[in-house]
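K.L.:
predicted coordinates and the sequence they were generated for:
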Amino acid sequence: MENYTNNPGERLDLPSPAVALSGKTLGGASYEVTGSVMQTVSLTLSPNTELFAEPGSLSWMDSKVEMETNMGGGGLMGALGRTFTGESIFVVRYRTSQANAKVTFSSEFPGKIIPINLNGGQAIIAQKDTLLVADKSITMSIAFHKKLGAGLFGGEGFLLQKFEGPGTVFTSLDGEIVELTLAVGETLKVDTGHIAMFEPSVSFDIQTVKGIKNILFGGEGLFFAHLTGPGRVWLQTMPMSKLAGALKKYFPAPSGGGG
């Protein structure tokens, strides 16, 4: 039984969250992912390791860690490209000149923090605003989709994030994560908000929901994402956009003509 209090005059000791996952990034930083619903990832840096993260991702760090905010790799064009995928124009770099420097990042939303190890030339495509923290060797860029329908109606926009190795990237995904493997030519129809990540071998397209009654009364909107194999896809069970829509009906209506 967990004890969240203490007797008067005694020391208060609260239980630490359980460690869900631990390991080492390809860049050499040790890490622990703790918690079950609202997770954090704590990384231990040495003088030969460096990380980058989105502004606002940091939760806490010790005094050994140095941080520097800049436009990251790719210069101005790389920074502008990140804005199209929902990220900041800036990135924050974390490094140290000492041993055992600890820095911790956390999710903004209930879900899972997933570490992904990528070899050189290996890549993963993810929804926008997915990056939590990554090795400095990870390249983050725009993933273009050639089909116009995907750009106009795909929920995730014409541009998705592409992470390319070598290195480890930690992604922050919403709710629980379901992994599926699609065979060659096999197609999965998905509400766009539930798409978390997929391998570059999977093709992505948007098609209109068939049937006027489905469109008007089905509650799923006008379009489905079509993911076609071969390759793996990762789906998230509680997209932030869907939760926001569910909560919206409980918000008070704006008064007056201000909107």
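P.N.:
Done, it's in.

K.L.:
does anything pack onto the helix or strand encompassing S42? Which helices or strands?
P.N.:
Using DSSP states H and E, S42 sits within strand 40-45. Packing partners of strand 40-45 (3 or more Cβ pairs under 8 Å, 6 or more residues apart in numbering; DSSP states H and E): strand 30-34, strand 91-96, strand 101-106, strand 111-118, strand 131-135. For glycine as for every other residue, the C-beta is placed from the backbone atoms N, C-alpha and C.

K.L.:
what does that strand rub up against?
P.N.:
Identification of contacts with strand 40-45 by Cβ atoms under 8 Å, 6 or more residues apart in numbering yields 17, 25, 29-34, 51, 59, 64-65, 94-96, 100-107, 113, 115, 132-133, 170.

K.L.:
could you dump the helices and strands packed on strand 40-45 into a markdown table with distance to I124 added?
P.N.:
Below are the helices and strands packed on strand 40-45 laid out as a markdown table (distance: least, Cβ to Cβ, whole Å):
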| stretch | distance to I124 |
| --- | --- |
| strand 30-34 | 18 |
| strand 91-96 | 18 |
| strand 101-106 | 19 |
| strand 111-118 | 6 |
| strand 131-135 | 11 |
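
K.L.:
hey, which of the ones you listed is tucked in deepest?
P.N.:
strand 131-135 (a mean of 25; mean count of other Cβ atoms under 10 Å).

K.L.:
where does the protein have low pLDDT?
P.N.:
For the chain, the stretches with pLDDT under 70 are 1-3, 71-89, 144-159, 208-223, 241, 243-246, 253-259.

K.L.:
now do the helices in the stretch 101-250 of the chain.
P.N.:
Counting by DSSP state H, counting those that start in this stretch, the stretch 101-250 of the chain has these helices, from start to end: 148-153, 212-217, 240-248.

K.L.:
residue nearest the centroid of the chain?
P.N.:
In the chain, the residue lying closest to the centroid (Cα atoms, centre = their mean) is T130, at 2.3 Å.

K.L.:
look up the closest residue to that one, ignoring the ones flanking it.
P.N.:
Using Cβ to Cβ, 6 or more residues apart in numbering and skipping residues adjacent in sequence, the residue nearest T130 is T171, 4.7 Å away.

K.L.:
wait, that neighbour touches I116, no?
P.N.:
Yes. At 6.4 Å, T171 counts as touching I116 under the criterion of Cβ atoms under 8 Å.

K.L.:
find residues that contact each of those two.
P.N.:
Residues touching both T171 and I116 by Cβ under 8 Å, 6+ apart: none at all.

K.L.:
and of the helices and strands packed on strand 40-45, who's closest to L235?
P.N.:
strand 111-118 (11.9 Å; Cβ to Cβ).

K.L.:
got the contact list for that closest one?
P.N.:
21, 23, 25-26, 31, 33, 37, 39-41, 107, 124, 132, 138, 163-177, 234, 236, 238.

K.L.:
got a PyMOL select line for the buried ones in those residues?
P.N.:
Command for PyMOL that selects the buried part of the contacts of strand 111-118, burial taken from 16 or more other Cβ atoms under 10 Å:
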select buried, resi 25+26+31+33+39+40+41+107+124+132+138+163+164+165+166+167+168+169+170+171+172+173+174+175+177+234+236+238
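
K.L.:
and T25, how far from A196?
P.N.:
Going from T25 to A196 by Cβ to Cβ, to the nearest Å gives 20 Å.

K.L.:
ok, now T69?
P.N.:
On the measure of Cβ to Cβ, T69 and A196 end up 27 Å apart.

K.L.:
hang on, the earlier thing: using CSV, write out every CA atom in the strand holding S42.
P.N.:
The C-alpha coordinates for strand 40-45 follow below in CSV (Å, rounded to 0.1, in the frame of the first residue of the first chain):
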residue,chain,number,x,y,z
THR,A,40,8.5,12.0,-18.0
VAL,A,41,11.9,11.1,-19.5
SER,A,42,15.0,11.8,-17.5
LEU,A,43,18.3,11.7,-19.4
THR,A,44,21.9,11.6,-17.9
LEU,A,45,24.4,13.5,-20.0
